[in-house]
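Peer 1: Quick one, what's the 3D model for this:
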Amino acid sequence: MPLRLTSSNPDCPRVTLLDANVLFAPRLRDLMIHLHMARVIQVHWTREIEREWTANVITKAQADPVAVRRCLEGMRAAVPGWEVADFERHMGRFETVHIKDRHVAAAAFKLATEIWPGRTIGLITKNLRDFPSRAFSATPIRRMAPGPYLDRLYAEAPKAVLAVVEACRQKLRRPPADPQSYVGILMNHQCKGLAAALAKAWRVGLP
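Peer 2: Numbers count the residues shown, from 1 in each chain. Down below sits the predicted model:
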């Protein structure tokens, strides 16, 4: 299904590749998937990225493997066309990217050149240091941290983003999240602009 909201702004790409560290964070993962379901953005990832985040969430956060598998199946069902595959041949382009992250850069390059040609692709990661900007200077890939990316997305499509955020907050049950605590969650993920907008809309304070 095509994106409902489009933008030619390269600083706010609507087609994205999500790194494992974005999927590792439950509230960020939830928000990105629901923004996709609302057709505000298009998200992609790879099986390698899946393996990385699921292994980390099980070993580092002691998550239940059965629950993680159920979550992964739900993500795949919610995002038809999520997978970027057969990208390995592009890894040699990214020798300045940290070796453990070259598969991510290569997948973003395939996404930009073969799946969504002509579109700027957002490589969304919390680990910009291992993705030096010079590695992407001749590509249509924009590497961005999730917090600033969501802030820019809100600035471009405030009504759509606010509606998705409110839906994500309301569906939280174990534990529930009141407006104040959800604003705090966003601040913890460096979504400062979005958190400030929500604090004003919900009439709560910033942490």
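
Peer 1: Name the next helix or strand downstream of the helix or strand where Leu31 lies, please.
Peer 2: Assigned by DSSP states H and E, Leu31 belongs to helix 26-37. Downstream of helix 26-37, the first helix or strand assigned by DSSP H and E is strand 42-44.

Peer 1: What pairs with that following strand, parallel or antiparallel?
Peer 2: Strand 42-44 pairs in its sheet with strand 15-18 (parallel), by DSSP bridges.

Peer 1: what's around the nearest residue to Pro65 once chain neighbours are set aside, how many residues?
Peer 2: Excluding its sequence neighbours, the residue lying closest to Pro65 (CB to CB, 6 or more residues apart in numbering) is Ile58, at 5.5 Å. In short, each C-beta sits where N, CA and C put it, glycine included. Ile58 is flanked by 15 other residues according to other CB atoms under 10 Å.

Peer 1: can you give me the helices in the chain?
Peer 2: With DSSP state H, the ranges of helices along the chain come out as 20-24, 26-37, 47-59, 65-78, 102-110, 146-156, 158-171, 179-188, 192-202.

Peer 1: Now do the contacts for the nearest residue in space to Leu206 that is not next to it in sequence.
Peer 2: The shortest distance from Leu206 to any non-neighbouring residue, by CB to CB, 6+ apart, is to Ala199 (5.1 Å). Applying CB atoms under 8 Å, 6 or more residues apart in numbering, we find Ala199 in contact with 183, 205-206.

Peer 1: Which single one of those is nearest to Arg70?
Peer 2: Of all those, Arg70 sits closest to Val183, with 28.5 Å by CB to CB.

Peer 1: The closest one against Ala195, yeah?
Peer 2: Yes. In this structure, Val183 is within contact of Ala195 by CB atoms under 8 Å, at 5.0 Å.

Peer 1: Any chance you could list residues touching both of those two?
Peer 2: Counting by CB under 8 Å, 6+ apart, the residues touching both Val183 and Ala195 are Leu206.

Peer 1: just for the protein, where's the confidence low?
Peer 2: For the chain, applying pLDDT under 70 flags the ranges 1-8.

Peer 1: Which strand residues bridge the residue positioned nearest the centre of it?
Peer 2: For the chain, the residue nearest the mean C-alpha position is Leu18 (4.5 Å; CA atoms, centre = their mean). With DSSP bridges as the criterion, Leu18 is bridged to Ile124.
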